[in-house]
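Participant: What follows is a predicted structure for the sequence shown.
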Amino acid sequence: MNWHQKIFPIVTVVIISLVVVFIVISLQQFSAISKNLNSMSPVNAQPIIDKAMGVDKKALDESFESGSYIAQWAGLFMLETAAMERRHHQANALLASRLWIRYLAVMAGIILIAVGSIFILAKLNETPTEIEGESQAIKLKLTSASPGLVMAILGAMLIMTAVFHNPSIELKDGRAYMGNENEALPRVAQ
C-alpha cells in the first residue's frame with residue numbers, strides 16, 4: 001500500500017468536513033442577512049402628520065369627517081408612505097432572492113470542486129472528457145481524462161459567474177399620489 005492510498009481516506013474526510021463546516025456557517029450567515037432584510041418596520045405617519053399640521057388628533061379626525069384639505073393631504077401623505085414602504089420591501093425581496101441565487105451557485109460550485117478534488121486524489125481516470133465553449137471574445141476547449149479536474153474547473157467557473165454577475169436593483173423613489181417632484185403639491189380640495 002503506497003502513501004497515496006494510506007492518506008486518501010484522511011484527505012477525503014478533511015475535504016468533506018471543510019465543505020460541511022463551510023455550508024453550515026454560510027447558511028447561518030445567509031439566514032441572518034435574510035432575517036435583517038425582511039425585518040422592515042412600518043412607518044407610523046400619524047406623528048409626522050400631527051407635527052406638520054400643528055393639530056391635535058381630535059382636530060385631524062374632525063377634518064377627515066368634513067373632507068377638508070388637511071384631511072385629504074394627510075390621506076395622500078399616508079398613501080405616499082405606504083407606497084414607499086412597499087417599494088422598499090420589494091427592493092429588499094429582490095435583494096434577498098439575488099443573494100439566495102448567488103448562495104446556491106457558490107454552494108454548488110464548492111460541492112463540484114470538493115467532489116472533483118476527491119476524484120483527483122483518488123486518481124480516478126476515465127476516457128477523455130471534452131468541454132468546449134466560445135463567445136465573441138474567447139474560445140475555450142478542455143480535454144481531460146480526469147473527471148475530477150473537469151468538475152473542479154466547472155465548479156470554479158460557476159463560482160466566478162455567481163461572483164462577477166451583478167445585476168442592479170433599481171429603486172426609484174418619487175411621488176405616487178401627490179404629483180411629480182417638479183410641481184407644488186396639488187390642491188386636493190377646491
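Facilitator: Received, thanks.
Participant: Now do the lengthiest helix in the chain: which elements does it pack against?
Facilitator: Ranked by residue count, the top helix of the chain under DSSP state H comes out as helix 69-121. Packing partners of helix 69-121 (3 or more C-beta pairs under 8 Å, 6 or more residues apart in numbering; DSSP states H and E): helix 3-37, helix 46-53, helix 57-66, helix 147-164. Where C-beta positions appear, they are placed from N, C-alpha and C, glycine not excepted.
Participant: Deepest-packed of these, please.
Facilitator: The highest average neighbour count among these, using mean count of other C-beta atoms under 10 Å, belongs to helix 147-164 at a mean of 17.
Participant: any idea of the angle it forms with helix 69-121?
Facilitator: Using axes from the mean of the first three to the mean of the last three C-alpha atoms, to 10 degrees, the inter-axis angle of helix 147-164 relative to helix 69-121 is 160 degrees.
Participant: what about residue 143, which helix or strand?
Facilitator: If you go by DSSP states H and E, residue 143 is part of strand 139-144.
Participant: List the pairing partners of that strand within its sheet, with orientation.
Facilitator: The pairing partners recorded for strand 139-144 under DSSP bridges are strand 129-134 (antiparallel).
Participant: How far away from the center of its chain is the strand it pairs with?
Facilitator: From the chain centre to the centre of strand 129-134 is a distance of 31 Å (C-alpha atoms, centre = their mean, to the nearest Å).
Participant: between the helices and strands packed on helix 69-121, which one is nearest to residue 96?
Facilitator: Nearest of the helices and strands packed on helix 69-121 to residue 96, taken as C-beta to C-beta: helix 3-37 at 4.8 Å.
Participant: That closest one packs against which elements?
Facilitator: Secondary-structure packing of helix 3-37 (3+ C-beta pairs under 8 Å, 6+ apart): helix 69-121.
Participant: Give me the distance from the helix it packs on to the chain's centre.
Facilitator: Mean-position distance between helix 69-121 and its chain equals 4 Å (C-alpha atoms, centre = their mean).
Participant: That one versus helix 3-37: what angle between them?
Facilitator: Using the same axes, to 10 degrees: helix 69-121 against helix 3-37 is 180 degrees.
Participant: Mean confidence (pLDDT) on helix 69-121, please.
Facilitator: Per-residue pLDDT values across helix 69-121 average out to 81.
Participant: just stretch 36-45 next, same as before
Facilitator: Stretch 36-45 shows a mean pLDDT of 69.
Participant: what number of residues lie near residue 77?
Facilitator: If you count neighbours by other C-beta atoms under 10 Å, residue 77 ends up with 19.
Participant: Also the one 4 residues further on?
Facilitator: Neighbour count of residue 81, defined by other C-beta under 10 Å: 18.
Participant: ok, it to residue 27 distance?
Facilitator: Separation of residue 81 from residue 27 (C-beta to C-beta, to the nearest Å) stands at 35 Å.
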